[in-house]
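Participant: A structural model of the following input is requested.
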Amino acid sequence: MKLKYKVNQSKEAGIFYLFGAIINLLILLFTVNQTWDVISHIKVLTIPFIIVVLFILWFIVIGVYFLKLNTIDYMRIDNNKLSIHRGLYRPRKVINIEEIEKGFINSDKFILILHSKKEIEIYIKNLLNKDFEILTMQLSNSILISKNNDFIYN
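Facilitator: You can find the predicted model right below:
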């Protein structure tokens, strides 16, 4: 089962980052155009130039990531394993469902407590309500889930 990210502010953030990359690129081109004679003779300015180009590339990568975020699976449940997406550069967190002792809902988080007493946070706002219900129903077959110390599923 695959649960995708909910479409929210990620598209706005992606557009913001891409707009920032375009603005930085325009500033860089204007600066190079105005000071080309100076830059061509001074090697010291190549380091700031490289840094600005790296910022532009970083903004493009982050912008595209946020625009594509709703196509990424936030969570996967396959073969008795739960996989949680943790961001652009961090690998997915994979947990065997047997390792989960219990779970509880705390305002905007669904917290899973493992037998090793480690806590895994799942952000409810990243999932559609129906997907969160599917997740809790699926996990309730294996673990106890509570909300504010009241048992929801057993």
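
Participant: so for the strand or helix carrying G103, what gets flagged as buried?
Facilitator: Assigned by DSSP states H and E, G103 belongs to strand 100-106. For strand 100-106, the buried set under the neighbour-count rule, 16 or more other Cβ atoms under 10 Å, comprises I100, G103, F104, I105. (Each C-beta comes from the backbone N, C-alpha and C, glycine too.)

Participant: surely the last one and S140 touch.
Facilitator: No. I105 is not in contact with S140 according to Cβ atoms under 8 Å; the separation is 11.9 Å.

Participant: rewinding a little: what is the mean pLDDT for the strand holding G103?
Facilitator: The average of the pLDDT scores along strand 100-106 is 86.

Participant: okay, now the sheet partners of it, with direction.
Facilitator: If you go by DSSP bridges, strand 100-106 pairs up with strand 109-114 (antiparallel), strand 144-147 (parallel).

Participant: average pLDDT for the first one?
Facilitator: Here strand 109-114 scores 89 as its mean pLDDT.

Participant: try stretch 117-133
Facilitator: Across stretch 117-133, the per-residue pLDDT values average to 88.

Participant: can you check stretch 15-30 too?
Facilitator: Taken as a whole, stretch 15-30 carries a mean pLDDT of 90.
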